[in-house]
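Asker: Based on what follows, work out the 3D shape:
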Amino acid sequence: MSNKFYYDTEGNDDAAYSFAMQYASKIANNDMDIERIVLLSHTNHNTGWFDRLFGRETVKQLLRGIKFEDCRVIYQFVSKARYKNQSFKNQDIVICCALDSEDILKLDEMESTRYIIAIPWLKADIVKWVKTWNAIEISGKSDGIKISEPSEIVKIAMKELTESINMSTGIGHSSDNDRAKTYIRTLYKYENELNADTVGAYLVRELNWKPSNSKEIEYLINKLNQGSYFKGGDKTGLKYHYKRWQEKVKNK
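Answerer: So this is what the prediction gives:
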């Protein structure tokens, strides 16, 4: 079962939050490992739209955590800062309230986060996260956001890079960093298109990179796409690598 979901909506949508909470309750009632459902927002002051759903007094109780009749675990409002700094390891369903992809991707590396349901303020804000995980649209109102795949040559290159580096540190080591820069230069020079978000999503979704490490690859791609440059890595012999990858694609 997937553990990444989103509701296709924008702006103040009471129905979206109500549906997401019911959806989370069903998950919690079927997954006995779940201990809490978190309503995650930028700050504890960003909870005004829930006043219309529950009333102000219930919202105040949600800051401490309360149970509803149809759910066996508590619901609780938690701010980004508090959730980031929590020392305990609950098994949570996290409903992201108007957070963007950068905020949500950080949750993917937290042991406490078991399921994520994203409710965007603007749909564009969560496209990167949705494409990274091919998250499931739960409202049934649309076919969802389509994911983009990198070319077969880019896939081969990224798999080769993945197999040659220390995955715990990404491209932090100097030799891994140089290899990554060489590969990105090669792909930028010979591929028709090299999209940072598409490559980064592929690294996380298919090759098990941490989102924080994939961002380093995205940064390098964006530098070149913006007409800038970076130091390190080879600048010559790039055709050799590209031909190798072409042969691997042919022999698949």
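
Asker: which residues touch residue 100?
Answerer: Going by CB atoms under 8 Å, 6 or more residues apart in numbering, residue 100 touches 120, 125-126. Any C-beta I mention is one placed from the backbone N, CA and C, and that applies to glycine too.

Asker: so where do the strands sit in the stretch 101-250 of the chain?
Answerer: Remark: strands assigned in the stretch 101-250 of the chain by DSSP state E, counting those that start in this stretch are 113-119, 136-137.

Asker: Rebuild those strands as a markdown table, extending it with mean pLDDT and distance to residue 206.
Answerer: Listed next are the strands of the stretch 101-250 of the chain as a markdown table, based on pLDDT from 0 to 100; distance: least, CB to CB, whole Å:
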| stretch | mean pLDDT | distance to residue 206 |
| --- | --- | --- |
| strand 113-119 | 96 | 19 |
| strand 136-137 | 94 | 17 |
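
Asker: right, and the ones you listed - which one's nearest residue 44?
Answerer: Of all those, it is strand 113-119 that lies closest to residue 44, at 17.2 Å by CB to CB.

Asker: So what are the sheet partners of that closest one and their directions?
Answerer: Paired neighbours of strand 113-119 in the sheet (DSSP bridges): strand 4-6 (parallel), strand 92-97 (parallel).

Asker: which one of the ones you listed lies closest to residue 35?
Answerer: With CB to CB as the criterion, residue 35 lies closest to strand 92-97 of these, at 7.0 Å.

Asker: What mean pLDDT does that closest one get?
Answerer: For strand 92-97, mean pLDDT is 96.

Asker: buried sites along that strand?
Answerer: The neighbour-count check on strand 92-97 (16 or more other CB atoms under 10 Å) flags 92-97 as buried.

Asker: same thing with stretch 115-122?
Answerer: Of the residues in stretch 115-122, those buried (16+ other CB under 10 Å) are 115-121.

Asker: Among those, which pair sits farthest apart?
Answerer: 115 and 121 (20.6 Å).

Asker: how about the strands of the stretch 101-250 of the chain in a markdown table, adding distance to residue 19?
Answerer: Formatted as a markdown table, those follow (distance: least, CB to CB, whole Å):
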| stretch | distance to residue 19 |
| --- | --- |
| strand 113-119 | 9 |
| strand 136-137 | 12 |
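
Asker: Correct me if wrong: residue 58 contacts residue 66.
Answerer: Yes. Using CB atoms under 8 Å, residue 58 is in contact with residue 66, at 7.3 Å.

Asker: Lowest-scoring secondary structure element of this structure by mean pLDDT?
Answerer: Within the chain, no helix or strand scores below helix 49-54, which has a mean of 79 by mean pLDDT, DSSP states H and E.

Asker: what packs against that one?
Answerer: In terms of contacts (3 or more CB pairs under 8 Å, 6 or more residues apart in numbering; DSSP states H and E), helix 49-54 is packed against helix 14-30, helix 56-62.

Asker: so of these, which one's packed in deepest?
Answerer: The highest mean neighbour count among the helices and strands packed on helix 49-54, using mean count of other CB atoms under 10 Å, belongs to helix 14-30: a mean of 18.

Asker: Mind pulling up the pLDDT for the nearest residue to residue 165 once chain neighbours are set aside?
Answerer: Of all residues not flanking residue 165 in the chain, residue 176 sits nearest, at 4.1 Å (CB to CB, 6 or more residues apart in numbering). With respect to pLDDT, residue 176 scores 94.

Asker: How about residue 178: what's its closest non-neighbour residue?
Answerer: Residue 178's closest residue in space is residue 233 (CB to CB, 6+ apart), at 4.9 Å.
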